[in-house]
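1. Next one to model:
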Amino acid sequence: MKSRIIVSVTIGCMFLWSCGNKSRSIDQANEGNTVIQQEDGSLVLNIDKAACYNDISNPASNTAEWKVVIAKPGRFKVWLTSATRDTTDLSYVNSVKVTFLDSFLEVDPVCDKVVKNSEDISYPYYRADSYLGSFYVLEAGAYNLQVISEKVLPREAMNQHSGFTEDTRLMSLLLTPMTR
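-> Numbering: from 1, shown residues only. Now for the predicted structure:
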């Protein structure tokens with residue numbers, strides 16, 4: 001009888017301990033450059049919050065990376081948001097590459113949509129959204145997403161160049177759920 005009580009207490013303690021570990025892993029998912037899916041199913045991946053890797057000798061390989069947590073799987077449209085002075089020519093020298101799961105998109109961005117009075121972009125720039133394609137996510141979970149482009153510049157790099165006068169800046173990547 002005494003051994004059954006000890007076994008029951010041990011199992012109860014293990015259960016409580018495992019529940020505590022789950023809450024800590026959720027807290028850890030909110031740290032760093034992790035992006036959690038919003039209530040409407042979209043994900044906003046800001047360059048300012050990405051882990052950025054810059055190659056001064058070959059800027060075309062500059063990379064921004066995020067960890068994304070998908071709660072509602074499905075097909076997502078992928079949009080690239082740029083701040084630009086000229087909406088007719090976004091002036092990306094090389095194509096933009098996006099890798100997510102086992103999928104790969106490579107697109108020369110063009111202005112598909114101009115967003116007027118955007119809160120995150122101020123004059124003399126305009127917000128230009130470029131449609132890149134779509135990704136399908138089969139299961140909920142945490143995944144890594146990368147963007148490779150010469151326009152990937154972390155905020156620190158832009159601040160170091162006080163005379164930074166790029167005509168176009170890559171601002172974010174938007175993943176929006178597709179509906180029928």
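
2. For the residue nearest the centre of the chain, give its distance to Pro177.
-> Against the mean C-alpha coordinate of the chain, by C-alpha atoms, centre = their mean, the closest residue is Leu45 at 3.1 Å. Here the criterion is C-beta to C-beta, to the nearest Å. By it, Leu45 lies 15 Å from Pro177. Glycine gets a C-beta too; all of them are placed from N, C-alpha and C.

3. swap in Leu132?
-> With distances taken as C-beta to C-beta, Leu132 is found 15 Å from Pro177.

4. go on, Glu166?
-> As defined by C-beta to C-beta, Glu166 lies at a distance of 31 Å from Pro177.

5. Please parse this structure into its domains.
-> Annotated domains of the chain cover 1-31, 34-177 [automatic domain parsing].

6. which one of these has the lowest average pLDDT?
-> Set side by side, those give their lowest mean pLDDT on domain 1-31, at a mean of 46.

7. give me the element the spatially closest residue to the residue nearest to the centre of the chain that is not a sequence neighbour is part of.
-> Leaving out its chain neighbours, the residue that sits closest to Leu45 by C-beta to C-beta, 6 or more residues apart in numbering is Leu173, at 4.3 Å. In this structure, Leu173 is located in strand 168-177 according to DSSP states H and E.

8. same deal with Lys97?
-> Lys97 is part of strand 96-100 when elements are defined by DSSP H and E.

9. how deep is Thr34 tucked in, by neighbour count?
-> Applying other C-beta atoms under 10 Å, we find 14 other residues in the vicinity of Thr34.

10. now do the one 5 residues further on
-> By the measure other C-beta under 10 Å, the count of residues near Glu39 is 7.

11. can you tell me how far it sits from Tyr136?
-> The spacing between Glu39 and Tyr136, counted by C-beta to C-beta, is 21 Å.

12. need the contact list for Thr88.
-> Taking C-beta atoms under 8 Å, 6 or more residues apart in numbering as the contact definition, Thr88 lies against Cys111.

13. in a strand, that's where it is, yeah?
-> No. Inclusion of Thr88 in a strand is not indicated when DSSP: H, G, I helix; E, B strand; the rest coil is applied; the result is coil.

14. on that earlier part again, mind checking what secondary structure the residue nearest to the centre of the chain has?
-> The assignment at Leu45 comes out as strand when based on three-state DSSP.

15. so it touches Ser172, yeah?
-> Yes. Leu45 is within contact range of Ser172, at 5.7 Å (criterion: C-beta atoms under 8 Å).

16. ranges for the strands of this protein?
-> Secondary structure of the chain by DSSP state E: the strands cover 34-36, 43-46, 51-53, 63-70, 74-84, 96-100, 103-107, 113-115, 126-137, 141-148, 168-177.
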